[in-house]
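> Output the structure for:
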Amino acid sequence: MRLRKRKNTDHPDPLQRIREKVAQAARQDNLFQIFGASRHKYILKEPLSPAAVEAFERKHGIALPQELTDFLTAVGSGGAGPYHGLYTLEQMEQESARMAEPCILRPDFTEEEWWELEALYEKQAEEANEGCEAGGERMFQGTLCIGTQGWTHDTVLILNGPYRGRIVYIDRDEQRPFFAYEKNFLNWYERWLDELIAGRSVDRFGRLPGGSEQELLALFDETDDEQLRLEALRGLFKIPALGPGTTARLRHILRKTEPYTPLALVTLQHLAKADYPYAENDLLDFLHNSPHSEDRQVAARLLQTYMPTETLRKKVPDLTKLLHRENDHSVTHSLLMLIQEAGAIDSDALLEQRSPIKPD
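Take a look at the predicted model:
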């Protein structure tokens, strides 16, 4: 998937530009309200000498991507960075394994392929009498862990193969990996700073394409690729409050989009927040008629969040009928939460009516 290249022209030296942006981010978020900032506090550790990096590479039989080497030797050796910050080289070493082995990660893994690979590596580890973590080490070999996002989620950098230099988000519980959009470490790191300084949400940084409202809508307009169009609209989720021009554009997109598609649902998610009255009938239509249970569940949650209480109370009889014919457990739960939001509704009694206990 190709996204528009965004150029930084405000400083000829990218490393100096990054240093200045770290200082700007620290001034802007001086109360450390951004996710992870209370841990790293926008402090960068002293850069390493080139000799220290070379010694690390010799020890592990690897060559670090040049962008990371440049950062470690000219900007900082850990500290300020996305999520909980960047590890030091020593921490990267502790959290990585089998770095010199070929990396098997690629961005086009299907869920089925990923689970099959997990089963294969677990079997190989068992047959070789290796430890319980060996299977996971094989799956993420050929990478360097550069930071954590919390729990079992980590950020790694690919060290070899066709995707060398790419940033990948992994889950140690072995969920399918996610490739960040940027082509190298420096682009990824600077984009984090750009988004933060622009006031955009970085809570899920790297999982959404970068850019302003105007850039993302331009990306949407200039491609016929449905997946890329979807990604462009998903990128708007990081904008705290959409402008009136963007909202008007989303209304137009919704009217031109095939119903019950991912693109229609993403557009409705934006409109529910930015212009709920306009989105209400479409959300109710999704809830009643979408063939996808996940979409019905999303519609119920959006209605629960944005529908005025008085309007919701008027809809309770209709929603109760819908509850009795809904077959998906997750959607049933979301409907119950929606009906309860109206107040004075006994959800236990509703469930009893829906699934009466049969005598022995």
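
> who touches the closest residue to residue 185 other than its chain neighbours in this structure?
Residue nearest to residue 185 in three dimensions, not counting chain neighbours: residue 67, with 4.3 Å by C-beta to C-beta, 6 or more residues apart in numbering. C-beta: built from backbone N, CA, C; applies to glycine. Residue 67 sits next to 165, 184-187 when contact means C-beta atoms under 8 Å, 6 or more residues apart in numbering.

> what separates residue 78 from residue 51, distance-wise?
Note on residue 78: its distance to residue 51, by C-beta to C-beta, to the nearest Å, is 18 Å.

> I misspoke; the intended subject was residue 295.
56 Å.

> now swap in residue 149 and tell me
31 Å.

> These two: which has the busier surroundings?
residue 149 (19 against 9; other C-beta atoms under 10 Å).

> per-residue confidence at that one?
Residue 149 carries a pLDDT value of 96.

> How about the contacts made by the residue nearest to it when sequence neighbours are not counted?
Excluding its sequence neighbours, the residue lying closest to residue 149 (C-beta to C-beta, 6+ apart) is residue 83, at 4.3 Å. Taking C-beta under 8 Å, 6+ apart, we find residue 83 in contact with 35-36, 147-150, 155, 205.

> Just confirm residue 83 is within a strand.
No: Residue 83: not assigned to a strand; according to DSSP: H, G, I helix; E, B strand; the rest coil it is coil.

> ok, now how distant is it from residue 186?
Computed with C-beta to C-beta, the distance linking residue 83 and residue 186 is 17 Å.

> Let me see the ranges of the strands in this structure.
143-150, 153-158, 167-171, 178-179 (DSSP state E).

> Okay, domains of the chain per the record?
With automatic domain parsing as the criterion, the domains of the chain are listed as 14-190, 241-354.

> if we can go back for a sec, just the closest of the contacts of residue 67 to residue 261, please.
residue 187 (31.2 Å; C-beta to C-beta).

> Let me know how buried the closest one is, in neighbour terms.
For residue 187, the count of nearby residues is 20 (other C-beta under 10 Å).

> Skipping adjacent residues, who's closest to it in space?
In space, and not counting its chain neighbours, residue 187 is closest to residue 67: 7.8 Å by C-beta to C-beta, 6+ apart.

> got the buried residues for stretch 201-217?
Of the residues in stretch 201-217, those buried by neighbour count under the rule 16 or more other C-beta atoms under 10 Å are 202, 205-206, 208-213, 215-217.

> Rebuild these as JSON lines, extending it with distance to residue 128 and pLDDT.
What follows is these, written out as JSON lines (distance: C-beta to C-beta, whole Å; pLDDT from 0 to 100):
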{"residue": "202", "distance to residue 128": "41", "pLDDT": "96"}
{"residue": "205", "distance to residue 128": "37", "pLDDT": "96"}
{"residue": "206", "distance to residue 128": "34", "pLDDT": "94"}
{"residue": "208", "distance to residue 128": "40", "pLDDT": "92"}
{"residue": "209", "distance to residue 128": "41", "pLDDT": "92"}
{"residue": "210", "distance to residue 128": "42", "pLDDT": "92"}
{"residue": "211", "distance to residue 128": "46", "pLDDT": "93"}
{"residue": "212", "distance to residue 128": "51", "pLDDT": "96"}
{"residue": "213", "distance to residue 128": "52", "pLDDT": "97"}
{"residue": "215", "distance to residue 128": "49", "pLDDT": "96"}
{"residue": "216", "distance to residue 128": "48", "pLDDT": "97"}
{"residue": "217", "distance to residue 128": "52", "pLDDT": "98"}
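
> Now, the residues you listed that are in helices?
Cross-referencing the buried residues of stretch 201-217 against helices under DSSP state H gives 213, 215-217.

> so which of those residues comes closest to residue 225?
Distances from residue 225 to these, taken by C-beta to C-beta, are shortest for residue 216, at 14.3 Å.

> Residue nearest the middle of this protein, spatially speaking?
Nearest residue to the geometric centre of the chain (C-alpha atoms, centre = their mean): residue 207, 3.4 Å.

> and the residue nearest to that one when sequence neighbours are not counted, bridged to which residues?
Setting aside the residues directly before and after it, residue 207 is nearest to residue 178 in space (C-beta to C-beta, 6+ apart), at 6.2 Å. Taking DSSP bridges as the rule, residue 178 bridges to residue 169.

> tell me the contacts of residue 178?
Here residue 178 is in contact with 168-169, 206-207 (C-beta under 8 Å, 6+ apart).

> one step back: what's the ChimeraX syntax to select whichever of the contacts of residue 67 are buried?
To isolate in ChimeraX the members of the contacts of residue 67 that are buried, counting by 16+ other C-beta under 10 Å, one can use:
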select :165,184,185,186,187
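
> Would you format the contacts of residue 67 as JSON lines with pLDDT and distance to residue 264 included?
Listed next are the contacts of residue 67 as JSON lines, based on pLDDT from 0 to 100; distance: C-beta to C-beta, whole Å:
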{"residue": "165", "pLDDT": "98", "distance to residue 264": "36"}
{"residue": "184", "pLDDT": "98", "distance to residue 264": "35"}
{"residue": "185", "pLDDT": "98", "distance to residue 264": "36"}
{"residue": "186", "pLDDT": "98", "distance to residue 264": "37"}
{"residue": "187", "pLDDT": "97", "distance to residue 264": "32"}
